[in-house]
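Peer 1: generate a structure from the sequence data that follows.
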Amino acid sequence: MKTFKINNLLIIALGVGMLSSCSVSKKYERTELNMPQRYRNQITVTADSVQLPWKRFFREPMLISLLEKALQRNNEIAIALKNTEQLDLALKQAKQALLPTVDLSIGANRTWQSKNSLNGSLSGQIVSTPYIDDYGANLRLSWEADIWGKAKMQKAAASANYFAQQENLSALKTRIIVQVAQAYYRLISLDEQLLIAQKNVELSDSTLNMMKLQFDAGQVNSLAVEQMEAQKKTAELLVPLALQNIAIEENALSILCGSYPDKVEREGNLSRISPEGVFGAGVPAELISRRPDVKAAEYAAIVANANTGLARAAMYPSLSLTPQIGLNSFKFNKWFDLPGSITKTLAGNLTQPLFQKRALKTAYESAVLEQEKAVLQFKQTVLVAVGEVSDALARTHGADERLMLIRKKDRALAKATDDALKLYRSGMATYLDVITAQNNKLQNDLEFINVRLESLNATTDLYRSLGGGIN
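Peer 2: Below you'll find the model as predicted:
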């Protein structure tokens, strides 16, 4: 009889081993992306096609200091790090999925049976007390055979979730880096707008004083003075606007760096700021290995693939073994009397879901749809990524061309303003010529700042869209 039981256990173990090699999940395969061979607006490809670390891309010491502060103190990054820690714990747990669970229970209870019941009448013949004590200590082991590879799928899903969060963290850090850099550039541009406004106020004031002297001498009429005063007010209006925008930008930048709104230290001007402008743009297919958001989207598709396998496995039989050993006695002084108090149990369960009101099938079909959605989202992320690179290339190229034209225009307007003042003093030009020349120069100076800022932002966006670099 004992030999028969051992043989049965061996047969069960062999069967479980054979079934454990089965798997109901499909191996993940990347969907066909049909990537283009080149970007719409290509740039020169250098030999260095790796991601450029941000400390090499950005060169301004004060900006680098702000970026370091943001990466250390930004609350969004801190939350993302906590999410990563949680997923790391989930991954460690998933790696233990094949191990059994072990429970230890120790308890004692006293029961007063009814004297009119069968148990009560029988217990009175065994014990001399009106109650029955029961002392137990049991060690139970539960193990589910991984017939369909569920542990492997759980580990794959947890691992992909963890690495997806790592990529999301990298994408978040890159976004914060770019936001801080662009806010810093905007602050400097506002400083320059304020400086231009103040210089134009001084110039307009000087011209106005000259016109007032000419008016007193009867050389010009009151209209010239009034027009010049209006021109001066136009420049003066720019001063409070620039100061207002500076305060707002400093507040936003302080919050990005994890601080309460405060003044932000900065130096330099837009003309001297020059981030690393050499990119190894490569081909669009390289975005998959560069951009963290693209990699995170593919990890999400891997998770969905594993979840589909788990949903399918839930419809198949499950086999569990539950051996238990313990000590049991109705007398305390014999609780640990060995071997008389030893109790042993060996249980095996084979469970096949039969009727679950279509819940399991619905869960599987829903998982399939989630997987299809994840694949489509991956495709969309790649599509957007290629578009962002193409947009950044177009903006960079367009801004550079406009800057060349604005510089040429600036030289012409500077000479026109100087000539207008000289001709006006000699009586060969009207006050309208002076006002027009000064106004044109003011507008061109402001446009130069805006286009230069646009160029810096486009370069920074190109850096981000090519994958950035958080090292």
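
Peer 1: can I assume residue 389 is in contact with residue 290?
Peer 2: No - assessed by Cβ atoms under 8 Å, residue 389 is found out of contact with residue 290, at 10.0 Å. For glycine as for every other residue, the C-beta is placed from the backbone atoms N, C-alpha and C.

Peer 1: higher neighbour count, those two?
Peer 2: Shown here are residue 389 and residue 290; by other Cβ atoms under 10 Å, residue 389 has more neighbours (26 against 20).

Peer 1: so after the host helix or strand of the more buried one, what's the next helix or strand?
Peer 2: Using DSSP states H and E, residue 389 sits within helix 359-425. Using DSSP H and E, the helix or strand that follows helix 359-425 in sequence is helix 431-465.

Peer 1: how far off centre is that following helix?
Peer 2: Between the centre of helix 431-465 and the centre of its chain there are 33 Å (Cα atoms, centre = their mean, to the nearest Å).

Peer 1: and stretch 399-419, by the same measure?
Peer 2: So, by Cα atoms, centre = their mean, the centroid of stretch 399-419 is 42 Å from its chain's centroid.

Peer 1: output that stretch as PDB - backbone C-alpha positions only.
Peer 2: Output in PDB follows, covering the C-alpha atoms of stretch 399-419 (Å, rounded to 0.1, in the frame of the first residue of the first chain):
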ATOM      1  CA  ALA A 399      15.300  80.300 -37.200                       C
ATOM      2  CA  ASP A 400      19.000  80.300 -38.400                       C
ATOM      3  CA  GLU A 401      18.000  81.700 -41.800                       C
ATOM      4  CA  ARG A 402      15.900  84.400 -40.200                       C
ATOM      5  CA  LEU A 403      18.700  85.400 -37.800                       C
ATOM      6  CA  MET A 404      21.000  86.000 -40.800                       C
ATOM      7  CA  LEU A 405      18.400  88.300 -42.400                       C
ATOM      8  CA  ILE A 406      17.700  90.200 -39.100                       C
ATOM      9  CA  ARG A 407      21.400  90.800 -38.600                       C
ATOM     10  CA  LYS A 408      21.700  92.400 -42.000                       C
ATOM     11  CA  LYS A 409      18.500  94.400 -41.400                       C
ATOM     12  CA  ASP A 410      19.900  95.600 -38.100                       C
ATOM     13  CA  ARG A 411      23.000  97.000 -39.700                       C
ATOM     14  CA  ALA A 412      20.900  98.900 -42.200                       C
ATOM     15  CA  LEU A 413      18.400 100.200 -39.500                       C
ATOM     16  CA  ALA A 414      21.300 101.300 -37.200                       C
ATOM     17  CA  LYS A 415      22.700 103.300 -40.000                       C
ATOM     18  CA  ALA A 416      19.300 104.700 -41.000                       C
ATOM     19  CA  THR A 417      18.600 105.800 -37.400                       C
ATOM     20  CA  ASP A 418      22.000 107.600 -37.200                       C
ATOM     21  CA  ASP A 419      21.600 109.200 -40.600                       C
END
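
Peer 1: which outside residues touch it?
Peer 2: 434, 437-438, 440-441, 444-445, 447-448, 451-452, 454-455, 458 (Cβ atoms under 8 Å, 6 or more residues apart in numbering).

Peer 1: helices of this protein, start to end?
Peer 2: Assigned by DSSP state H, the helices in the chain fall at 2-20, 54-57, 61-73, 75-94, 118-126, 150-216, 222-256, 287-290, 292-313, 359-425, 431-465.

Peer 1: TSV for those helices, including mean pLDDT and distance to residue 265?
Peer 2: Converted to TSV, those look like this (pLDDT from 0 to 100; distance: least, Cβ to Cβ, whole Å):
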stretch	mean pLDDT	distance to residue 265
helix 2-20	46	63
helix 54-57	88	19
helix 61-73	94	6
helix 75-94	92	22
helix 118-126	72	85
helix 150-216	90	10
helix 222-256	90	10
helix 287-290	74	33
helix 292-313	93	30
helix 359-425	90	27
helix 431-465	87	19
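
Peer 1: any idea which of the ones you listed is most buried?
Peer 2: helix 292-313 (a mean of 23; mean count of other Cβ atoms under 10 Å).

Peer 1: give me the angle between that helix and helix 359-425.
Peer 2: Helix 292-313 and helix 359-425 are oriented at 170 degrees to each other (axes from the mean of the first three to the mean of the last three Cα atoms, to 10 degrees).

Peer 1: distance from helix 292-313 to the middle of the chain?
Peer 2: Per Cα atoms, centre = their mean, the centroid offset for helix 292-313 relative to its chain is 17 Å.

Peer 1: now do that helix and helix 150-216, the angle between them.
Peer 2: 150 degrees.

Peer 1: re the thing from before, what's the overlap in contacts for residue 389 and residue 290?
Peer 2: By Cβ under 8 Å, 6+ apart, the residues touching both residue 389 and residue 290 are residue 466.

Peer 1: care to break this protein down by domain?
Peer 2: 20-98+146-316+352-465, 109-143+318-346 (automatic domain parsing).

Peer 1: is it true that residue 367 touches residue 313?
Peer 2: No - with contact defined as Cβ under 8 Å, residue 367 does not count as touching residue 313 (10.7 Å).

Peer 1: which one of the contacts of stretch 399-419 sits closest to residue 332?
Peer 2: Comparing these against residue 332 with Cβ to Cβ picks out residue 458 as the nearest, at 82.9 Å.

Peer 1: my guess is the closest one meets residue 395, correct?
Peer 2: Yes - using Cβ under 8 Å, residue 458 makes contact with residue 395 at a distance of 3.7 Å.

Peer 1: what sits against residue 453?
Peer 2: 185, 186, 189, 270.

Peer 1: okay, these in TSV with distance to residue 381 next?
Peer 2: Output for the contacts of residue 453, formatted as TSV (distance: Cβ to Cβ, whole Å):
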residue	distance to residue 381
185	27
186	28
189	32
270	33
